[in-house]
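Colleague: Fold the following, please.
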Amino acid sequence: MSEPTRVLGRIEREGDAVAVVFDRHYATTKADLWAACTEPDRLARWFAPVSGDLREGGTFTIHFDDADTPVCRVIRCAPPERLVWEWPVGEVAGLVTVGVATDGDGARLTLRHERLTPAQAPGYAAGWDTYVRSLDAYLRGADGPDWDAMWSALHELYAAASTSGAADPC
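Modeller: As a prediction, this is how the structure comes out:
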């Protein structure tokens, strides 16, 4: 695995409220990107196995390799453009918003995970950054990065930016 030379996302702060944000172009169609982000069999190829109901008002469980299994609640599902869900993180339900749009000759993903604490932000930023890279590799038919190694390298970059007070480590 090559070391990442830069992060792909940014950390936004407003007081104690922190969000991690990603905005990426993919060489695929809007419909394909939406399916990759909402169909359990496809999510398992670049994110994690997901079981449950991904419809508005439904709940689903993310089954991560480390035995973390958050049960999330879908707040809004507006195919093929927006999926919003609550992701329980301790006592707080983080809010994840995924937007998909046509973007020139491809599609654009915007992902925002908010309601994080300053201490949580570098870890979630590194995780989502690794997944954004994995999604790109999956859509190109390539192997994704070594998740643990990529997360560790990215976490260092996001943590350094976070402690330096930089809101946007790009």
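Colleague: use CA for all of it now, contacts and neighbours both
Modeller: Will do.
Colleague: Which strands and helices lie in contact with the lengthiest helix in the chain?
Modeller: Ranked by residue count under DSSP state H, the longest helix found in the chain is helix 121-140. Packed against helix 121-140 by the contact rule (3 or more Cα pairs under 8 Å, 6 or more residues apart in numbering; DSSP states H and E) you find strand 10-14, strand 17-26, helix 40-46, helix 147-163.
Colleague: Could you export these to JSON lines, including columns for distance to residue 122?
Modeller: As requested, the helices and strands packed on helix 121-140 are exported to JSON lines (distance: least, Cα to Cα, whole Å):
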{"stretch": "strand 10-14", "distance to residue 122": "8"}
{"stretch": "strand 17-26", "distance to residue 122": "8"}
{"stretch": "helix 40-46", "distance to residue 122": "20"}
{"stretch": "helix 147-163", "distance to residue 122": "5"}
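Colleague: among those, which is nearest residue 106?
Modeller: strand 17-26 (5.7 Å; Cα to Cα).
Colleague: Please export the C-alpha coordinates of the closest one as CSV.
Modeller: Output in CSV follows, covering the C-alpha atoms of strand 17-26 (Å, rounded to 0.1, in the frame of the first residue of the first chain):
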residue,chain,number,x,y,z
ALA,A,17,-20.3,20.4,16.7
VAL,A,18,-18.0,18.6,14.3
ALA,A,19,-18.7,17.0,10.9
VAL,A,20,-16.5,15.2,8.4
VAL,A,21,-17.3,15.9,4.8
PHE,A,22,-16.4,14.3,1.5
ASP,A,23,-17.2,15.4,-2.1
ARG,A,24,-16.0,13.1,-4.8
HIS,A,25,-16.5,12.5,-8.5
TYR,A,26,-16.7,8.9,-9.7
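Colleague: So which residue is dead centre in this protein?
Modeller: For the chain, the residue nearest the mean C-alpha position is residue 128 (3.7 Å; Cα atoms, centre = their mean).
Colleague: Report the separation between that one and residue 64.
Modeller: Residue 128 sits 13 Å away from residue 64, going by Cα to Cα, to the nearest Å.
Colleague: Overlap in contacts, these two.
Modeller: Counting by Cα atoms under 8 Å, 6 or more residues apart in numbering, residue 128 and residue 64 have no shared contacts at all.
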